[in-house]
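Visitor: What follows is a protein structure lacking sequence information:
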């Protein structure tokens, strides 16, 4: 059987819920009446009007969570101040906030009402994170890797990694089109901010770098707050750029923004348009240098032609003078030859007549009639063949001997070859 204890408080010490909440708030205000600074990471951010988020503190395996809120009017002024530092409230952002704790009677929820944000703390944290990433890249010898990649002399095949449909995408395509150069453009869509941006950009870099029909890669994104661009300070994206076999050009954010991705890229540029313009200028510089080279060749050729023409003219003058001398000598020889030809026929006729007269005399001397008149005769056999060799005869052969005034027939009775003194020839 239960009995009331004498330690139970009297009824006048019992609090209603509202009284209790009020008492708690008064106690909290006495302790933190001037406000307090807290730091943690923003998560589960919602901005339907008033701003609600969770302030999280990870201490090893332990996690502390505190609901926080910013009234709409306070946030309007705060947002402007954050923007001046290039920041905006977002999940994952580490902040140092000033405000006061509050237990709301409407739902019994304990929260922290934020009045101010220390942007320097957030910027310092971002810088510290970035410095840590750069240190890791240098230790792994990745920091300068992409800058050592050879850039093609004429990079006409360009791979662009950006958010398709964004202003950066449109600006870059227009810049290439306006150049009137025959670029071949390949575009790979990727998320440029948010939770999936890092993995999306890394995948795009790896896929485009694996192609064999590209000369250079561009990673471009338009302007935004520092935490919009926070992905480009990640170790994952920087490592992907460093490992690319193609040169990577970046054009990320505004002129004042410099990310880790910019630092490890082959070349970085202030804006997407500036990035496209840089590639266009590379091609134009090549074309200009080529044209200058051809101009130089043409100038040298012209000088050589002029020099050759001058030398040819001098040579032609010398040859002309020599030709005139040759023609003059030839004309003189021709005149002398003409004179000789004029008198030559009569001389030739005289010489030919003399030769014919001498020949006629020899012919007369060789005539057998004249020879026989001097005592010679001609002996033939029965066949009419002239006998010139005694060895051709035999005893009994019939011979016909012709004299200047007639002929006689005889028979061979005896043959005496030359050298036989006793031999006799009888007819």
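Guide: Done, it's in. This one's a predicted model, so the numbers in the text were calculated from it and none came from an experiment.
Visitor: In the stretch 151-300 of the chain, what residue spans correspond to helices?
Guide: 167-178, 197-209, 235-242, 260-264, 272-366 (DSSP state H, counting those that start in this stretch).
Visitor: And these: which comes nearest residue 159?
Guide: Checking those against residue 159 by C-beta to C-beta gives helix 197-209 as the closest, at 4.3 Å. Heads up, the C-betas are built off the backbone N, CA and C, glycines and all.
Visitor: Let's have the helices of the stretch 151-300 of the chain in JSON lines, adding mean pLDDT, mean neighbour count and distance to residue 131.
Guide: Converted to JSON lines, the helices of the stretch 151-300 of the chain look like this (pLDDT from 0 to 100; neighbours: other C-beta atoms under 10 Å; distance: least, C-beta to C-beta, whole Å):
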{"stretch": "helix 167-178", "mean pLDDT": "95", "mean neighbour count": "17", "distance to residue 131": "27"}
{"stretch": "helix 197-209", "mean pLDDT": "95", "mean neighbour count": "19", "distance to residue 131": "19"}
{"stretch": "helix 235-242", "mean pLDDT": "95", "mean neighbour count": "22", "distance to residue 131": "12"}
{"stretch": "helix 260-264", "mean pLDDT": "93", "mean neighbour count": "23", "distance to residue 131": "9"}
{"stretch": "helix 272-366", "mean pLDDT": "78", "mean neighbour count": "11", "distance to residue 131": "25"}
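Visitor: looking at the ones you listed, which is closest to residue 14?
Guide: Of the helices of the stretch 151-300 of the chain, nearest to residue 14 by C-beta to C-beta is helix 197-209, at 55.5 Å.
Visitor: quick one: the closest one to chain centroid distance?
Guide: Centroid separation between helix 197-209 and its chain, computed with C-alpha atoms, centre = their mean, to the nearest Å, is 25 Å.
Visitor: Now do that helix: which elements does it pack against?
Guide: With contacts taken as 3 or more C-beta pairs under 8 Å, 6 or more residues apart in numbering; DSSP states H and E, helix 197-209 sits against strand 157-162, strand 184-189, strand 216-221, helix 235-242.
Visitor: Domain map for this structure?
Guide: The chain is divided into the following domains under automatic domain parsing: 16-117, 128-147+155-285, 368-427.
Visitor: Just say which of those domains is most tucked in.
Guide: Comparing these by mean neighbour count (mean count of other C-beta atoms under 10 Å), domain 128-147+155-285 ranks first with a mean of 19.
Visitor: looking at the helices of the stretch 151-300 of the chain, which is closest to residue 16?
Guide: Nearest to residue 16, of the helices of the stretch 151-300 of the chain and by C-beta to C-beta, is helix 197-209 at 50.8 Å.
Visitor: on that earlier part again, could I get the helices and strands packed on helix 197-209 as TSV with distance to residue 261?
Guide: Shown next, in TSV, are the helices and strands packed on helix 197-209 (distance: least, C-beta to C-beta, whole Å):
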stretch	distance to residue 261
strand 157-162	11
strand 184-189	16
strand 216-221	7
helix 235-242	5
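Visitor: Identify whichever of these lies nearest to residue 207.
Guide: Closest approach to residue 207 among the helices and strands packed on helix 197-209 is made by strand 184-189 (6.5 Å; C-beta to C-beta).
Visitor: Outside of that closest one itself, list whatever touches it.
Guide: 156-164, 169, 173, 176, 204, 207-208, 211, 213-214 (C-beta atoms under 8 Å, 6 or more residues apart in numbering).
Visitor: And the average pLDDT for that strand is what?
Guide: If you average the pLDDT over strand 184-189, you get 96.
Visitor: if we can go back for a sec, would you turn the domains of the chain into JSON lines with distance to residue 300?
Guide: Compiled in JSON lines, the domains of the chain are given as follows (distance: least, C-beta to C-beta, whole Å):
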{"stretch": "domain 16-117", "distance to residue 300": "56"}
{"stretch": "domain 128-147+155-285", "distance to residue 300": "22"}
{"stretch": "domain 368-427", "distance to residue 300": "91"}
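Visitor: Residue 313: which of these is closest?
Guide: With C-beta to C-beta as the yardstick, what comes closest out of the domains of the chain is domain 128-147+155-285 (41.6 Å).
Visitor: What's the end-to-end length of that closest one?
Guide: 40 Å (C-alpha to C-alpha, to the nearest Å).
Visitor: got it, and stretch 212-228?
Guide: Stretch 212-228 end-to-end distance (C-alpha to C-alpha) = 32 Å.
Visitor: so which of the helices and strands packed on helix 197-209 gets nearest residue 119?
Guide: That would be strand 216-221 among the helices and strands packed on helix 197-209, by C-beta to C-beta, at 22.4 Å.
Visitor: what separates the closest one from the chain centre, distance-wise?
Guide: Worked out by C-alpha atoms, centre = their mean, strand 216-221 lies 19 Å from the chain centre.
Visitor: and that strand, which strands flank it?
Guide: Counting by DSSP bridges, the strands paired with strand 216-221 are strand 157-162 (parallel), strand 247-252 (parallel).
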